[in-house]
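Visitor: okay, here's the prediction I keep looking at, along with the sequence it came from:
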Amino acid sequence: MTAASGVGGRAAVVCGVGAALPPHIVSNADLTARLDTTDEWIRSRTGIARRHVAGKDLSTTDLAVRAAAQALADGEPVTVEALVVATTTPDRCCPATAPAVATRLGLTGIPAYDLAAGCTGFLYALATAAGLIAAGTAQTALVVGADRLAALPAPGDRTTVPLFGDGAGAVVLRHGSADEAGALGPVVLGSDGTGADLIRASCPGALHMDGGDVFRHAVDRMSTASRQAAIAAGWDLADVDRLVPHQANSRITAFVARQLGVPDDRQLSTIAETGNTGAASIPLLLARSAADGHLERGHRTLLTAFGAGLTWGATTLTWPGHCRSHPPKGARRDR
Ligand code: UT7
């Protein structure tokens, strides 16, 4: 399914980006002290060296607020008219996270809601926020991906604990025209509930994942969705300057890049430092790369994600570059 962008000449344009990471870092060495694993296994199978993990004093709401505030301080000043928070780890089952985030940002009164689509949640949220703008419901929107996935695995499960970290990322959207830098292209989205058990967690309960099957689906779905998004935007894959794939495993993203013919030096990554941060992964990667200079004005940028559901998606944008982009709080600067 492709969500329309630029309906009636209105497009959603990215005009701010931000991110937040918990200050506490858990290295692979920290994990080898309590799990039957090795730094070599984790690095070679996943590309992960460390991850940021929130303590009890840092909720999904806190992370979302920090990332959103940074996105609002970045780029153009806007008055936010809608807020969508993508998360699979809300602080409470009810109510949703977004109204509390809005209130803490001084935005009480605007429409604010959560959306759960696993690690694809941010792309689903972008599509719905772009739809609000296209429909004229809002002139601007804040889109946040926030997750505390490190809390989901059973503490002794070596097959899942090393993979996940916590964080949040956010972008600000405003209405604009489809041909300006920052305008979102068509968003390709999909789901397949026959794979619902491949990544699952009861409420409450530990996360279970069939890693091998998920790996194969992730490569296939992200590659296909990326091709579809490029075609829908009228792009040739050879013209993609930056690939921004969901950060689940460096081997998955390397396969996707290879299938798309995107050279390694055009693929952006935070996986070594953050692990898999779920719905936060793509906006975190955008914020980090804009801050580091790996993402510059005019770069043709292809975003793609895959996650529990199963869900997947992809979209395009030409990076606006006017976003000032701070490094995520707590992030190392060694990449
Ligand atoms: O965000 C979307 C959701 N998640 C993903 O996209 C993750 C997708 N899957 C993956 O990233 C990979 O499948 C994993 C990293 C989870 C696993 O890597 P793999 O290369 O597929 O390993 P495997 O599951 O085939 O396991 C190979 C071996 C097994 O031992 P045996 O059965 O061969 O003796 C595992 O028990 O590695 C063992 N193993 C470990 N060994 C040391 C699994 N986890 C660990 C570990 N340390 N942490």
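Guide: Alright, I've got the coordinates.

Visitor: C-alpha only now, for contacts and for neighbours.
Guide: Will do.

Visitor: write out the residues of the protein neighbouring the ligand.
Guide: Where the chain comes near the ligand, counting by Cα under 6 Å from any ligand atom, the residues are 37-38, 41-42, 45-46, 119, 158-159, 211-212, 214-215, 218, 248-249, 306-307.

Visitor: can you rerun that using 8 Å?
Guide: Counting by Cα under 8 Å from any ligand atom, the chain comes close to the ligand at 35-38, 41-42, 45-46, 118-119, 158-163, 199, 209-216, 218, 246-249, 251-252, 276, 278, 306-308.

Visitor: for the closest residue in space to residue 318 that isn't next to it in sequence, give me its contacts.
Guide: Spatial nearest neighbour of residue 318, chain neighbours left out: residue 300 (4.5 Å); criterion: Cα to Cα, 6 or more residues apart in numbering. By Cα atoms under 8 Å, 6 or more residues apart in numbering, the residues touching residue 300 are 239, 240, 241, 242, 316, 317, 318, 319.

Visitor: from residue 65, how far off is residue 300?
Guide: 29 Å (Cα to Cα, to the nearest Å).

Visitor: need the strands for the chain, in chain order.
Guide: With strands called from DSSP state E, the chain shows them at 2-3, 11-20, 25-27, 50-52, 83-86, 112-115, 140-148, 166-176, 187-191, 199-201, 207-209, 242-245, 300-307, 311-318.

Visitor: out of those, flag the one nearest residue 154.
Guide: strand 207-209 (6.9 Å; Cα to Cα).

Visitor: and the nearest residue to residue 42 once chain neighbours are set aside, what does it touch?
Guide: Excluding the flanking residues, the one nearest residue 42 by Cα to Cα, 6+ apart is residue 48, at 6.3 Å. With contacts defined as Cα under 8 Å, 6+ apart, residue 48 is in contact with 28, 42, 162, 163, 249, 250, 271, 272, 273, 274, 275.

Visitor: kindly report the domain assignment for the chain.
Guide: 7-177, 188-318 (automatic domain parsing).

Visitor: quick one: average pLDDT of the last one?
Guide: Averaged across domain 188-318, pLDDT comes to 96.

Visitor: ends of it, what's the gap?
Guide: 17 Å.

Visitor: same check on stretch 78-87?
Guide: 24 Å.

Visitor: in that stretch, what counts as buried?
Guide: 78, 80, 81, 82, 83, 84, 85, 86, 87 (16 or more other Cα atoms under 10 Å).

Visitor: measure stretch 41-58 end to end?
Guide: Stretch 41-58: ends 30 Å apart by Cα to Cα.

Visitor: select the longest helix from this protein.
Guide: Under DSSP state H, the helix in the chain containing the largest number of residues is helix 211-233.

Visitor: and that helix, what's buried?
Guide: 214, 217-230, 232-233.

Visitor: contacts for that helix, please.
Guide: Counting by Cα under 8 Å, 6+ apart, 185-189, 198-199, 236-237, 245, 252-253, 255-257, 259-260, 302-307, 312-316 sit against helix 211-233.

Visitor: circling back to that earlier point, for ChimeraX, write the selection for the buried entries among the residues of the chain next to the ligand.
Guide: ChimeraX command restricting the residues of the chain next to the ligand to the buried ones, with burial defined by 16+ other Cα under 10 Å:
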select :35,37,42,46,118,119,158,159,160,161,162,163,199,209,214,218,246,247,248,249,252,276,278,306,307,308
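
Visitor: and residue 74, what are its phi and psi?
Guide: Here is the backbone geometry of residue 74 (degrees, to the nearest 10): phi -90, psi 150.
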